[in-house]
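1. My questions are about this predicted structure, shown below with the sequence.
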2 protein chains.
Amino acid sequence: MTKGLVILSGGQDSTTCLAWALSKFDEVEAITFSYGQRHEIEIEQSTKIAAAFRIKHKIVELSGIKQTAISNLLEKKEKLDINEAHKINPELPSSFVPGRNLIFITYAAIYAYGKNIKNLVTGVCETDYSGYPDCRMDTITALQNTLNVGMEANFIIHTPLMYLTKAETIQLMQDLGHLDKLALTQTCYNGVRPGCGKCPSCKIRANGFEEAGIEDPLFKGEIEE
Amino acid sequence: MTKGLVILSGGQDSTTCLAWALSKFDEVEAITFSYGQRHEIEIEQSTKIAAAFRIKHKIVELSGIKQTAISNLLEKKEKLDINEAHKINPELPSSFVPGRNLIFITYAAIYAYGKNIKNLVTGVCETDYSGYPDCRMDTITALQNTLNVGMEANFIIHTPLMYLTKAETIQLMQDLGHLDKLALTQTCYNGVRPGCGKCPSCKIRANGFEEAGIEDPLFKGEIEE
């Protein structure tokens, strides 16, 4: 029996990964990290998404990131300017949380280790997040090796969205038969539902649906399960 | 100016690393992780050690390890039988906390990133901890690469004790002129001070001092700073 653990943020990418994992593995669980991100709504939506897929869902409270990382994403400012440069490396966006995905995937592996789950799934992709070095394939490959050497394990980190555009990801979700679940996902940087429609994140989502020629179920209201 | 960050557990190995780092770098800080380990005394002693060396000391409360890892070290049982096998991998000791050093070093890197510290120092060694795969050189090399790719950084993870015996580590501390600081370190698995003298950890320490032909300052009472 194959088992997979999906890192679920509550956004459309990780939710698509969840649908993908359900099509690949016999048993799927999700893990969500609460780390002091700007909006608790992401955690709430991830709970609804896991419930909609009827899978086991682990929420882990991470206290360490806020105590160690410098990032605008961790500050409760009124508005987040994602065009601002990062305080430490001006070539990266201010929203970059250094090492965040390394921490998430390592904790996912630690949890998976205790449950004999071999497959880890994450929605990182190079196309959308070229400014985030922890989202690129080189990092994932290096981390997979580190986890396997450091834990004497055989984890495979799956990144089904790595080279897909936003439109292709939406198309994938439709092909998997779970487009309606995207109504539960949280995209807006300003933390409003269904979305402010003005922030860069809302715009990227809208463009993706437009390019895919698919109507966003988010604006038809949440599905009830 | 060179800057180093030492992962300080409050034990004799990491304290020796602190003395080593002070001999190598212009500016040294220490970081200690509180993660639900059996004895809070380790955190208390690390604070005293940092004060004795007069260096900046960051304590980070990690909530994630207890929520994800299976290990006897995280259980508040009366006695810890370190000869027991780990629940998941019977070839490893029950005290193995999967991924612990990966998490510690990654958080240390995240903290160091925000302070432009390039040198990370950890007291892991292959000789004492052959049962812990996250202590071996292969893991450290892989993790250094992962951190540098994932954070676009140039960290060097230093492991000055990697191939030293316990006696050689004690000798190193004497050569560095800080033998007295070992009076502040916490070794005993049972969390008592100066030490129960009977647990495997106390015995390894006693053997190390005997082999080095050096008297353990721990049993002369704590130094006052």
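-> Ah, there it is. Model, not experiment: these values are computed from the prediction.
2. quick one: low-confidence parts of chain A?
-> Chain A contains residues with pLDDT under 70 at A:76-83, A:128-130, A:221-225.
3. can we see that at 90?
-> A:36-40, A:70-98, A:126-135, A:189-192, A:199-201, A:219-225 (pLDDT under 90).
4. quick one: the strands in it?
-> Here chain A has its strands, by DSSP state E, at A:3-7, A:27-34, A:56-61, A:119-121, A:156-158.
5. Out of these, which gets nearest to B:Ile170?
-> Nearest to B:Ile170, of all the strands of chain A, is strand A:56-61, at 38.9 Å by CB to CB. Placement of C-beta: from N, CA and C, glycine included.
6. Within the sheet, what are the partner strands of that closest one, with directions?
-> If you go by DSSP bridges, strand A:56-61 pairs up with strand A:27-34 (parallel).
7. neighbouring contacts of the strand it pairs with?
-> Under the criterion CB atoms under 8 Å, 6 or more residues apart in numbering or on different chains, residues A:1-10, A:18, A:21-22, A:40, A:43, A:46-47, A:49-50, A:53, A:55-62, A:103-104, A:107-108, A:111, A:115, A:117, B:64 lie in contact with strand A:27-34.
8. Could you do stretch A:42-61 as well?
-> So stretch A:42-61 is contacted by A:8-11, A:14-15, A:18-19, A:22, A:28-34, A:107, A:111, A:178, A:181, A:184-186, A:222-223, A:225, B:63-64, B:67-68 (CB under 8 Å, 6+ apart).
9. related to what we said a few turns ago, make TSV from the strands of chain A and add mean neighbour count to it.
-> Formatted as TSV, those follow (neighbours: other CB atoms under 10 Å in any protein chain shown):
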stretch	mean neighbour count
strand A:3-7	24
strand A:27-34	22
strand A:56-61	16
strand A:119-121	23
strand A:156-158	18
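10. mind putting the ones you listed in a markdown table, distance to A:Asn72 included?
-> Listed next are these as a markdown table, based on distance: least, CB to CB, whole Å:
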| stretch | distance to A:Asn72 |
| --- | --- |
| strand A:3-7 | 22 |
| strand A:27-34 | 18 |
| strand A:56-61 | 21 |
| strand A:119-121 | 28 |
| strand A:156-158 | 27 |
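11. just checking, A:Asp134 touches A:Arg100?
-> Yes: the pair A:Asp134 / A:Arg100 is scored as a contact, 6.5 Å apart, by CB atoms under 8 Å.
12. Out of the contacts of stretch A:42-61, which sit inside helices?
-> Mapping these onto helices (DSSP state H) picks out A:Ser14, A:Thr15, A:Leu18, A:Ala19, A:Leu22, A:Tyr107, A:Tyr111, B:Gly64, B:Gln67, B:Thr68.
13. Against chain B, how distant is A:Gly4?
-> Counting by CB to the nearest CB, to the nearest Å, the separation of A:Gly4 from chain B is 16 Å.
14. what about the spatially closest residue to A:Ser9 that is not a sequence neighbour, neighbour count?
-> Distances taken as CB to CB, 6 or more residues apart in numbering or on different chains put A:Glu42 closest to A:Ser9, at 6.1 Å, once the chain neighbours are dropped. Other residues near A:Glu42 come to 21 when the count uses other CB atoms under 10 Å in any protein chain shown.
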